[in-house]
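Peer 1: dropping the sequence and predicted coords here.
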Amino acid sequence: MKVRQYQWNRLMMTVAMVLPFNAVANETIHVALGDDSIRLDTDRARAGRVSFEVTNVARSGTVHEFVVLSTNIDESRLPVRNGQVVEGQLKKMGEVENVHNASSKRLSLNLRPGRYVLICNMPGHYAMGMHKTLTVLPSSGHDAQAHEASNEVK
């Protein structure tokens, strides 16, 4: 009986230690890539797992991509060369490429609190205004649990 109680107590202590680390936000942001714009259903998210449902709604049949950059630079002042943002000078968190007209792709990232700029980096698209800022707020109580950037594209 004492062995069972010991095992139970040990299990409960393990659960109590693990639960706070798993209590991160699971949010989905819907992204619409238009002919010359990016529209988000929200410009804020909680730290943790954030999924972007990216849909190309352009009327022109243009192919887009969606890139998430971690930066404090104003969204309209990113470094540009030859019509594209120089991603190598910034911290890229993840991207989905070749989002064809009327199609969708999903990008899931573990994001820390901070400021992110979301862009389409096809030649000339950034200059047309295809950029938005996303603010990631601390999750309830456990925001700084070293969420390393990871991504998953489906």
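Peer 2: Cool, the structure landed. Numbering: from 1, shown residues only.

Peer 1: quick one: the helices in the protein?
Peer 2: Assignment of helices within the chain using DSSP state H yields the ranges 2-22.

Peer 1: quick one: contacts for residue 132?
Peer 2: 38, 39, 40, 43, 75, 117, 118, 119 (CB atoms under 8 Å, 6 or more residues apart in numbering). For glycine as for every other residue, the C-beta is placed from the backbone atoms N, C-alpha and C.

Peer 1: now, which of these sits nearest residue 67?
Peer 2: In terms of CB to CB, no member of the contacts of residue 132 lies closer to residue 67 than residue 119, at 5.1 Å.

Peer 1: so how many other residues sit close to the spatially closest residue to the closest one that is not a sequence neighbour?
Peer 2: Nearest in space to residue 119, with sequence neighbours left out and distances taken as CB to CB, 6 or more residues apart in numbering, is residue 131 at 4.6 Å. By other CB atoms under 10 Å, 22 other residues sit near residue 131.

Peer 1: and what of residue 129?
Peer 2: Residue 129 has 14 neighbours, counted by other CB under 10 Å.

Peer 1: ok, back up a step: residue 76 is in contact with the residue nearest to residue 119, correct?
Peer 2: Yes - using CB atoms under 8 Å, residue 131 is in contact with residue 76, at 6.8 Å.
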